[in-house]
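Undergrad: Take this sequence and fold it.
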Amino acid sequence: MFYILGVGVKNKSIMFWVVLTLLVFGSLPFLLSWYQINQSKVAVVDQAQKNHLIISRATADRIEAYIDTYVNVARSLAMNPTVYMVPDASEAAEALKAGLLLHDDILMVGLLLNKEGQEGQVIQIAKKNDSLPIETSSITSQLNQTVQLLTLQGRKYLAVKVASARPYVDVMMVVNLEIIQWLNPSVLGQSASLSLVDSTGQLIEHSGDHYTVVPSEWIAMMENGSITGLANRSTDKKSDKYIAAFAKINEQPWYVISRQPVKFAEQSTADMSRTAWNTFSLVLLVMLGLLTMAYFSWVKPIRRIVKAQNALLGDSHFNSDWHGGEVQALEKSFDALTKHINDRNALGKIFVDRYQVISPIGKGGMGTVFLGWDPKLDRQVALKTLPIGNNFGTRENMSQTLVQEAITAARISHRNVVSIYDVVSTKNTAFIAMEYIKGESLASLLKRKKTLSLPLTLSIAIAVLRGLQSAHSMGFVHRDIKPANILLDVNGDIKLTDFGTAALVSGIGTDDITGTYGYIAPETFQRGEVTHSSDLFAVGVLITECLLGVNPFKGKKLNQTKFNTIKKTVVFPAYIRQAEAENLFKAIDLLLNKNPKKRPNSAKVMAELIVQTTPCAITWDPEDAGVRVHINEKRNEDEDTIVAHS
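TA: The predicted structure is shown next:
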């Protein structure tokens with residue numbers, strides 16, 4: 001963030017102090033809340049252990065009451081004289097049937113004769129359903145306790161045996177086991193479970209999350225019978241930590257076990273933590289909004305002032321040369337502004353040869369352009385001079401290049417080529433007086449408009465092709481056709497400019513690669529070949545960029561751009577390449593062909609081909625296109641242009 005805003009701790013920018021203040025006051029409450037939540041986790045787990053012990057004990061009591069219900073029914077029958085006085089009489093049978101109807105879950109009631117040393121014999125049996133698949137013999141052989149579980153044909157049943165008032169006569173009862181209804185782990189929260197086990201740890205019934213084997217130390221305590229309830233927290237590092245508790249069912253060798261992972265027991269603190277994070281996120285959003293407001297309300301206007309003033313001074317390294325923060329930079333900018341105003345007032349008094357310098361127009365990679373006045377011919381001119389300093393080679397070489405540009409352009413006389421009026425040179429300096437175009441470059445227009453319509457694009461393409469034809473007919477190749485070198489006049493003229501890289505085809509060597517990446521033809525990269533056809537390829541790229549809004553071959557790195565130029569095929573979307581314009585786009589495809597021999601023979605032929613195949617009227621209206629008068633236009637500033645002087 002600091003890099004994007006162009007600030008740093010050492011610079012002590014306004015944004016640095018704003019960010020620091022918001023972070024401190026916005027984060028402090030959250031940090032305090034986070035500390036309190038972490039401190040409360042231990043207390044939450046302790047309370048969860050108590051809850052598990054309470055639920056286990058309560059569940060055990062409910063199961064005990066459930067069992068006691070049927071034991072009491074059996075005892076009531078055992079104490080009934082009708083039953084024990086004459087156990088084989090019909091009156092006893094009727095009493096057994098009446099007991100069978102007391103509860104829906106009672107499946108069978110019977111009387112057993114149990115004499116010492118003899119196998120128990122059935123005196124009478126009453127079944128709720130005669131088709132019930134329960135064999136009496138299998139029951140009597142297993143009954144040895146007052147209450148026990150029976151497994152018959154894969155199902156569990158509760159069996160009750162109570163001695164009657166008559167010796168050796170017992171009341172037997174079989175009940176459909178429905179203990180699962182008492183095991184409700186949902187009251188403990190997510191992923192909890194309740195289980196009913198015997199004293200050896202064997203599972204009787206289970207409800208909830210997956211069943212876990214009872215720990216051996218618990219089984220030892222259950223078999224000993226000295227502890228009827230316990231709750232603890234697992235510390236086994238090999239598995240998830242969990243909270244567990246058990247409670248004994250009175251007078252029975254059964255235990256209720258509850259279990260739950262600690263992370264779910266801590267759900268309340270997790271919810272509080274999540275709420276705290278959500279609140280902090282909201283605070284961050286508010287902080288971001290305040291930072292954005294501060295940036296756009298305070299910092300950006302100051303930086304725009306400083307940037308604009310640096311631009312007026314010709315400083316293109318604003319973002320990389322930022323010292324002391326906005327306040328200090330603003331102070332420097334006021335000093336610079338004062339100096340610039342003084343220099344500007346003096347500029348109108350400067351004459352270069354007979355030309356009066358009025359104001360700066362733009363700054364390019366090979367020179368600076370000023371608006372000038374020719375008092376002799378009473379007209380405005382554009383004065384192109386060498387840039388200050390030696391960033392692009394010696395001034396002597398650059399002076400020769402500028403003069404060569406003037407000589408080349410002066411030999412080309414065409415309405416679509418910027419006219420050259422005069423050239424003055426010395427050993428270390430030079431300037432060109434040329435036609436003043438009141439408007440902007442195509443690059444500037446595309447930067448603002450992104451794309452152009454097909455009629456406007458074709459108008460520009462035809463004007464460029466006609467200007468190129470004039471240069472080609474004299475043996476020159478431009479070598480740097482691109483939007484920045486196409487000037488658009490508010491009065492409707494379209495002009496080709498910047499012949500600083502132009503050369504005679506016969507004088508270009510295979511190592512003499514010149515141009516801008518993204519517009520250089522494939523054969524130039526592959527074989528160092530530069531011909532008139534290379535300019536035509538650049539026109540094809542120009543047309544594509546106007547229609548699509550991007551250079552089709554430009555990559556993030558120069559090697560990627562070079563690879564795309566050689567290998568990539570341009571594809572126009574269907575909404576642009578419509579059926580009625582198919583022949584036109586086939587002609588554009590010829591311009592972009594990787595093989596120079598398959599491109600049109602000349603710029604003139606291509607211009608005529610566009611006129612013949614276009615489905616629309618080719619008209620150029622600068623107002624419709626949105627052409628504006630731009631000053632201080634840096635036409636070549638961001639281009640990957642390479643220049644070779646042979």
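
Undergrad: Quick one: mean pLDDT over stretch 457-467.
TA: Taken as a whole, stretch 457-467 has a mean pLDDT of 95.

Undergrad: Quick one: residues in contact with it.
TA: With contacts defined as C-beta atoms under 8 Å, 6 or more residues apart in numbering, stretch 457-467 is touched by 412, 414, 416-417, 442, 452, 481, 486, 488, 494-496, 539, 542-543, 546-547, 603-604, 606-607, 610-611, 614, 616, 618-620. For the C-beta atoms, the positions are set from N, CA and C on the backbone; glycine is no exception.

Undergrad: Next: stretch 187-194.
TA: Residues contacting stretch 187-194 (C-beta under 8 Å, 6+ apart): 51-52, 55-56, 59, 183-186, 206-212, 256-261, 264-265, 267.

Undergrad: Between the two ends of it, what distance do you get?
TA: Stretch 187-194 has its terminal residues 10 Å apart, counting by C-alpha to C-alpha, to the nearest Å.

Undergrad: Next: stretch 565-584.
TA: Stretch 565-584: ends 22 Å apart by C-alpha to C-alpha.

Undergrad: pLDDT on it, on average?
TA: 93.

Undergrad: mind giving me the domain ranges of this protein?
TA: With domains defined by automatic domain parsing, the chain comprises 79-180, 348-435, 440-642.

Undergrad: For residue 293, find the nearest of the ones you listed.
TA: Of all the domains of the chain, it is domain 440-642 that lies closest to residue 293, at 27.2 Å by C-beta to C-beta.

Undergrad: sorry, back to before: just put the domains of the chain in TSV and tack on mean neighbour count and distance to residue 300.
TA: Output for the domains of the chain, formatted as TSV (neighbours: other C-beta atoms under 10 Å; distance: least, C-beta to C-beta, whole Å):
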stretch	mean neighbour count	distance to residue 300
domain 79-180	16	69
domain 348-435	17	24
domain 440-642	18	20
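
Undergrad: Please name whichever of the ones you listed is nearest to residue 291.
TA: Of the domains of the chain, nearest to residue 291 by C-beta to C-beta is domain 440-642, at 28.5 Å.

Undergrad: looking at the domains of the chain, which is closest to residue 288?
TA: Between these, domain 440-642 lies closest to residue 288; by C-beta to C-beta that is 28.5 Å.

Undergrad: residues contacting residue 415?
TA: Here residue 415 is in contact with residue 493 (criterion: C-beta under 8 Å, 6+ apart).

Undergrad: give me phi/psi at it?
TA: phi -70, psi -20 (degrees, to the nearest 10).

Undergrad: Next one: it, what pLDDT does it get?
TA: At residue 415, pLDDT is 91.

Undergrad: pLDDT weak spots in the stretch 401-550 of the chain?
TA: Low-confidence segments of the stretch 401-550 of the chain (pLDDT under 70): 401-410, 425-429, 500-512.

Undergrad: at 90 instead, please
TA: Within the stretch 401-550 of the chain, the stretches with pLDDT under 90 are 401-414, 418-435, 470-471, 473-480, 497-515, 527-531.

Undergrad: what are the ranges of the helices in it?
TA: 442-449, 454-472, 522-527, 532-548 (DSSP state H, counting those that start in this stretch).

Undergrad: which other helices and strands contact the helix or strand following the last one?
TA: Tracing the chain past helix 532-548, the next element assigned as helix or strand by DSSP states H and E is helix 558-567. Helices and strands in packing contact with helix 558-567 are listed as helix 522-527; criterion 3 or more C-beta pairs under 8 Å, 6 or more residues apart in numbering; DSSP states H and E.

Undergrad: and residue 623, what does it touch?
TA: Residue 623 touches residue 490, counting by C-beta under 8 Å, 6+ apart.

Undergrad: Distance check, it against residue 491.
TA: In this view, residue 623 and residue 491 are 10 Å apart by C-beta to C-beta, to the nearest Å.

Undergrad: Can you flag which of the contacts of stretch 457-467 belong to strands?
TA: Among the contacts of stretch 457-467, the members found in strands (DSSP state E) are 486, 488, 494, 495, 496.

Undergrad: Need the max-distance pair from those residues.
TA: Between any two of these (C-beta to C-beta), the greatest distance is 11.2 Å, for 488 and 496.

Undergrad: which ones are touching residue 620?
TA: 456, 459, 460, 463, 492, 494.

Undergrad: Ramachandran angles for it?
TA: Per degrees, to the nearest 10, the backbone of residue 620 is at phi -120, psi 120.

Undergrad: For the protein, name the helix or strand with the lowest mean pLDDT.
TA: helix 2-5 (a mean of 39; mean pLDDT, DSSP states H and E).

Undergrad: Doesn't residue 383 belong to a strand?
TA: Yes. Counting by DSSP: H, G, I helix; E, B strand; the rest coil, residue 383 is part of a strand.

Undergrad: how close does it sit to residue 561?
TA: 33 Å.

Undergrad: swap in residue 462?
TA: 27 Å.

Undergrad: got a list of what residue 173 touches?
TA: Applying C-beta under 8 Å, 6+ apart, the residues near residue 173 are 70, 73, 74, 99, 106, 108, 109, 110, 159, 160, 161, 162.

Undergrad: Equivalent analysis for residue 482, please.
TA: Applying C-beta under 8 Å, 6+ apart, the residues near residue 482 are 443, 516, 518, 519, 538, 541, 542, 639.

Undergrad: Spit out the contact partners of residue 625.
TA: By C-beta under 8 Å, 6+ apart, the neighbours of residue 625 are 445, 449, 452, 456, 488.

Undergrad: Apply 6 Å and report the result again.
TA: Each residue near residue 625 by C-beta atoms under 6 Å, 6 or more residues apart in numbering is listed here: residue 456.

Undergrad: how about residue 373, phi and psi?
TA: Taking degrees, to the nearest 10 as the convention, residue 373 sits at phi -130, psi 130.

Undergrad: wait, isn't it in contact with residue 356?
TA: Yes. Between residue 373 and residue 356 there is a contact under C-beta atoms under 6 Å: 4.4 Å.

Undergrad: about what we covered before: could the domains of the chain be laid out in a markdown table, adding distance to residue 304?
TA: Listed next are the domains of the chain as a markdown table, based on distance: least, C-beta to C-beta, whole Å:
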| stretch | distance to residue 304 |
| --- | --- |
| domain 79-180 | 75 |
| domain 348-435 | 19 |
| domain 440-642 | 15 |
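
Undergrad: for those, which one sits closest to residue 286?
TA: domain 440-642 (34.5 Å).

Undergrad: Distance from the chain centre to that closest one, please.
TA: Centroid separation for domain 440-642 versus its chain: 37 Å, with C-alpha atoms, centre = their mean, to the nearest Å.

Undergrad: okay, the ones in strands among the contacts of stretch 457-467 in CSV with distance to residue 245 next?
TA: As requested, the ones in strands among the contacts of stretch 457-467 are arranged in CSV below (distance: C-beta to C-beta, whole Å):
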residue, distance to residue 245
486, 85
488, 85
494, 89
495, 91
496, 90
